[in-house]
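> Quick check, what structure comes out for this input:
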Amino acid sequence: SGRVWIATGFYILSSGSCETDGPPGAAALAHALDTLGFTTSFLTDQWSEKVVRSIADGREVHIFPEDNKTPTIIVAQDFMQNRWPDLLISVERAGVTSDGTYRNFRGEDMSQYNAPLDIIFNLASDHNCSTIGIGDGGNEIGMGNVHSNSDNHKLTSAEVGMVEELNYDRKDEDQQSKEN
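Numbering: from 1, shown residues only. The predicted structure follows:
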């Protein structure tokens, strides 16, 4: 048992709304985890809130606040104060690229419609919170870890922009190296 937050919601510029494959997958995952005894809830932003609430099935939905005046890391730390789950899972949620933007599969900048939830994932290891990233295009949270460890990746950095790696695994690898 434990608490699991599932981040989902990927804004589609052409439709002006949230995509429809990540949230249902997140809902199925939440149901499976609930069956195993976990307490699940969802994490998203204002642009995907409607779709995520529609699949929440009574689970809590955390909406990351938009604050254009405060540095994002401070907003993330304040938002997560005293409520870190045991596990964060990202399902089809855009990750920041090496140029600091969020891009869709076509390489279009969608930053203005994407709260930086990946910052929470990067802070997780400092709070004994494990993370998992699930994606299919290479531009989602956590996919930078896959990209940097694979010679056979689906997208090139020129096509989408290199998705940043999450830092949780580096700390774990450093700890494992010290123990060996």
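> where do the strands sit along this structure?
Ranges of strands in the chain, per DSSP state E, are 3-8, 11-12, 17-18, 39-44, 61-63, 87-91, 130-134.
> Any stretches of this protein with poor pLDDT?
By pLDDT under 70, the weakly predicted segments of the chain are 145-180.
> ok, 50 please
Applying pLDDT under 50 to the chain picks out residues 153-163, 167-177, 180.
> Let me have the strands of the chain in a markdown table, adding mean neighbour count and distance to residue 28 as columns.
No exception for glycine: its C-beta is placed from N, CA and C like everyone else's. Shown next, in a markdown table, are these (neighbours: other C-beta atoms under 10 Å; distance: least, C-beta to C-beta, whole Å):
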| stretch | mean neighbour count | distance to residue 28 |
| --- | --- | --- |
| strand 3-8 | 25 | 10 |
| strand 11-12 | 18 | 20 |
| strand 17-18 | 19 | 17 |
| strand 39-44 | 23 | 11 |
| strand 61-63 | 17 | 16 |
| strand 87-91 | 25 | 9 |
| strand 130-134 | 20 | 11 |
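> Could you export those strands as a markdown table, including distance to residue 144?
What follows is the strands of the chain, written out as a markdown table (distance: least, C-beta to C-beta, whole Å):
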| stretch | distance to residue 144 |
| --- | --- |
| strand 3-8 | 16 |
| strand 11-12 | 20 |
| strand 17-18 | 22 |
| strand 39-44 | 19 |
| strand 61-63 | 23 |
| strand 87-91 | 12 |
| strand 130-134 | 9 |
